[in-house]
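> I would like to see how this sequence folds:
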Amino acid sequence: MNKLLLTCLLLLFVSDEQPVTSEQFKMVPQSSKVKCPAGYELYKGEDKMESVDVSDGNSGEYECRKDNDIKTIFIKFRSCDNCVELDVLSVTGLIFGEVLATLAIAISVHLLAKHARIGTSSSKKKGTASVAHLNIVL
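Modelled structure (predicted):
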C-alpha cells in the first residue's frame, strides 16, 4: 500500500537553477517518509524536522540545508482513497478465474449450438397455392 500511497507529484526547483538529484532528497523504501541525505537537515520554513510523513496535509515547500548549501523542493502528495493493493497471488487468481469463466461460456455455447437444428426450414404442409384466375370479358 505504501507504493500506491507514495504516488506523488514532485515539482522540483532549486534556487540556483540547478536540477535536484535523487541524492539530495530521499524517499525511504518501505516507509512513508521523505528525508534529506546524511549531513543535511530538513526544514519547512524555519521549522526543523527529522522527516516528512507522506500525507495530503504535508504538501508544500521543503529545504535540505547544510551550512550555506540549500536545496529546495516543492512536494505535492496525492493519496488514493479508493485504491486496492494487488499482490501476485490476487492477480493470478483474477486471471485464472477470467479464463475459467470464458471457457465455461464457450463450452456451453458450443454444446447448445451442437444440439440445435440448423438448416433450411421446409414446410410440412404440402399443398398447392390457390391462385385466383380472373377473366375479364369486354
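
> now for the helix or strand hosting I73, which elements pack on it?
In this structure, I73 sits in strand 69-77 according to DSSP states H and E. Using 3 or more CB pairs under 8 Å, 6 or more residues apart in numbering; DSSP states H and E as the contact definition, the elements that strand 69-77 packs against are strand 8-12, strand 60-66. For the C-beta atoms, the positions are set from N, CA and C on the backbone; glycine is no exception.

> least reliable of these going by mean pLDDT?
Summarising mean pLDDT across the helices and strands packed on strand 69-77, the least confident stretch is strand 8-12, with a mean of 34.

> Residue ranges in the chain under the pLDDT threshold?
When the per-residue scores of the chain are filtered using pLDDT under 70, the ranges that remain are 1-32, 79, 117-138.

> Please repeat the previous calculation with a cut-off of 90.
Across the chain, the stretches falling below the confidence threshold (pLDDT under 90) are 1-87, 113-138.

> Show me where it has its helices.
Assigned by DSSP state H, the helices in the chain fall at 2-5, 88-115.

> Need the winner for burial among the ones you listed.
Mean neighbour count, computed with mean count of other CB atoms under 10 Å, is highest for helix 2-5 among the helices of the chain, reaching a mean of 13.
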